[in-house]
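>>> predicted model follows, preceded by the sequence.
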Amino acid sequence: MKDQVNEEIKRLCGKVVMLNNGWCHFVYRHLHFVNIPDDSNGVIRISIPHVANSADYTREVLDEAINETNREVKFIKVMVLNNGSVSLNYDYRVNNSEQVGEIVLHMIVTLYASSEYLIRKLHEKNDRKGYNDDSIIINN
């Protein structure tokens, strides 16, 4: 299944880069994605590893935007990685009757739309709290 997924990504997005760890890096509408293969249990896992930098927002704004996105957007899991990147992830378990091409397209488009949703929520919450681009934000 890994090869099918990577071929579909290549068909949809053009250039793909195979990383040493077996992951597939690609770009869709200016965002960097990775396909993290897991053939052992039939799961397709695609991620946008860096949507935002957590250091750019207060903890309160970040938590509210992440929780709201996780609650409102189906299939997507938002998390903050150890390096401070805000990441979006989509895991999908494929059954035998499904077409990999349709699934991969849906996952990529959903992740892209979810990244836009999350960024909009971060900006809205920042504005509502009285922060702007000139504010100094200190995370506690």
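Cool, the structure landed.
>>> mind checking the SS state of the closest residue to Cys13 other than its chain neighbours?
Once flanking residues are discounted, Cys13 sits nearest to Phe26: 4.6 Å by Cβ to Cβ, 6 or more residues apart in numbering. From N, CA and C alone the C-beta is placed, and that goes for glycine too. Three-state call for Phe26 (DSSP: H, G, I helix; E, B strand; the rest coil): strand.
>>> for Ile108, what are its contacts?
By Cβ atoms under 8 Å, 6 or more residues apart in numbering, Ile108 lies in contact with Ile9, Leu12, Cys13, Tyr28, Phe33, Ile46.
>>> gap between it and Leu118?
As judged by Cβ to Cβ, to the nearest Å, Ile108 and Leu118 stand 16 Å apart.
>>> coming back round to it: what's the burial count for the residue nearest to Cys13?
20 (other Cβ atoms under 10 Å).
>>> thought it was touching Ile46?
No. Counting by Cβ atoms under 8 Å, Phe26 stays clear of Ile46, with 9.3 Å between them.
>>> anything in contact with each of these two?
Phe33, Val34, Asn35.
>>> the strand ranked longest in the chain packs against which elements?
Taking DSSP state E as the criterion, the chain has its longest strand at strand 43-53. Applying 3 or more Cβ pairs under 8 Å, 6 or more residues apart in numbering; DSSP states H and E, one finds that strand 43-53 contacts strand 31-35, strand 85-93, helix 100-128.
>>> now do it: everything it contacts.
Applying Cβ under 8 Å, 6+ apart, the contact partners of strand 43-53 are 1, 5, 31-38, 78, 81, 84-94, 100, 103-104, 107-108, 111-112, 115, 118-119, 122.
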